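1. Sequence plus predicted model, see below.
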Amino acid sequence: MNIQEERFIQQLIATNAHLSQQIASLTAQVTALTELVARQNEQLHKNSKNSSKPPSSDGLKKTKTRSLRKSTEKKPGAQKNHKETGLKLPHKPDELIDCEPNECLHCPNAQLCTSKVKESRYEIDLKTVVMVRQYRQIMRTCKQHSDIVLTGEFPVGITGTKQYGNGVKAMAVALTSDGVVSIERTHNLLSAVSGLSISTGSIYKMNHEFDTGLTDVVENIRLALLQKTTPVHCDESGARTAGRLVWVHNVSDTDFTYQTVSWKRGT
C-alpha cells in the first residue's frame with residue numbers, strides 16, 4: 001500500500017466517523033421531538049372524562065354524550081293500543097266557515113234545498129293582535145264642593161305619553177332570557193310578527209327593568225340556601241358570551257336554584 005492509498009483510507013474512516021456522529025445526533029433529536037409531540041397530544045386530548053381535570057376545564061369542547069338507549073324493532077311514532085293524546089281544541093270555534101258545493105255558490109234556489117253537515121274539520125291558528133289603550137286624565141269641576149277642580153290619576157306604571165305594555169315587555173324578556181335569543185334577533189322577530197319597530201335599546205331596557213324587579217326575589221333565594229341545614233349542590237360550568245368564556249356558578253337543592261356569572265373562575 002502506497003502513501004496515497006493510506007491517506008485515502010484515513011480520510012474515509014474520518015468521514016465515516018463524522019457521519020456516524022451526525023446520525024446519532026439527528027436520531028437523538030428525532031426521539032426527543034417524538035416524545036414532545038406525544039406529550040403534547042396527550043395533554044391536548046385530556047378532559048374531565050379521561051383525567052383528573054374538573055368538568056369546568058372542558059369549556060365549550062364538551063365530549064359527545066352517547067345514548068344508553070338500545071335499538072328496538074319498533075317503528076317511529078305511536079304504537080299499537082297506545083292511549084291517544086292527540087291534538088285537542090282549546091275552546092269552541094271562533095269562526096264558522098261553510099264549504100258549499102261549487103254548483104250551489106251562485107244558485108238562487110240554494111236556500112230552498114235541504115242541507116246537512118257531512119264532516120267537520122278544525123284549524124287551530126295563532127293571531128297576533130296589536131292593541132292600543134288610551135288613558136285619558138279627566139278633570140271635573142265639582143258643583144257639590146264649591147266648584148273645586150278634581151283630577152283623575154293615571155294607573156301605576158303609565159308614566160309616559162307613549163309606552164309599551166306588559167304584554168310586549170313579557171314577550172321581549174321571554175325571548176331574550178328563556179328563549180336565549182339575542183336582542184337584535186328579538187327586535188327582528190317582534191317587528192316582523194307585530195309590525196312594531198321595537199328598538200334594541202327598548203328591549204335592553206325591558207330586560208334591565210325585569211332584572212331589577214327580581215332583585216329581592218334572588219336575594220331571598222340566596223339567603224334561603226345559606227340557611228339550609230341539608231346538603232346543597234354546588235357546580236360551575238363554562239359558557240360563551242360576548243365572544244368570551246365566562247363561568248356560571250350554581251348552588252341549588254330541590255327547592256331553590258341560585259346562579260351567578262363571573263369573568264373568572266371566581267368562587
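-> Right, received. Where do you want to start?
2. State the phi and psi torsions of N250.
-> phi -130, psi 130 (degrees, to the nearest 10).
3. need the longest helix for the protein.
-> Across the chain, the helix with the greatest residue count (assigned by DSSP state H) is helix 3-44.
4. for the stretch 51-200 of the chain, what spans make up the helices?
-> 166-173, 183-194, 200-213 (DSSP state H, counting those that start in this stretch).
5. now the strands for the stretch 151-267 of the chain?
-> Assigned by DSSP state E, counting those that start in this stretch, the strands in the stretch 151-267 of the chain fall at 233-241, 244-252, 257-262.
6. ok so, going back, what would the helices of the stretch 51-200 of the chain look like in TSV with mean neighbour count?
-> In short, each C-beta sits where N, CA and C put it, glycine included. Converted to TSV, these look like this (neighbours: other CB atoms under 10 Å):
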stretch	mean neighbour count
helix 166-173	17
helix 183-194	16
helix 200-213	15
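7. Tell me which of those lies nearest to E5.
-> With CB to CB as the measure, helix 183-194 is the member of the helices of the stretch 51-200 of the chain nearest E5 (87.2 Å).
8. Can you spell out which helices and strands pack onto that closest one?
-> For helix 183-194, the packing partners by 3 or more CB pairs under 8 Å, 6 or more residues apart in numbering; DSSP states H and E come out as helix 166-173, helix 200-213.
9. what about 6 Å?
-> helix 200-213 (3 or more CB pairs under 6 Å, 6 or more residues apart in numbering; DSSP states H and E).
10. and the helix it packs on, average pLDDT?
-> In this model, helix 200-213 carries a mean pLDDT of 93.
11. ok, residues contacting that helix?
-> 169, 172-173, 176, 183, 186-187 (CB atoms under 6 Å, 6 or more residues apart in numbering).
12. Distance from the chain centre to that helix, please.
-> From the chain centre to the centre of helix 200-213 is a distance of 18 Å (CA atoms, centre = their mean, to the nearest Å).
13. and if you look at stretch 251-261?
-> Worked out by CA atoms, centre = their mean, stretch 251-261 lies 19 Å from the chain centre.
14. can you count the residues close to A110?
-> 13 (other CB atoms under 10 Å).
15. Quick check: it vs K118, distance?
-> A110 is 16 Å from K118, where distance means CB to CB, to the nearest Å.
16. just I148 next, same as before
-> 69 Å.
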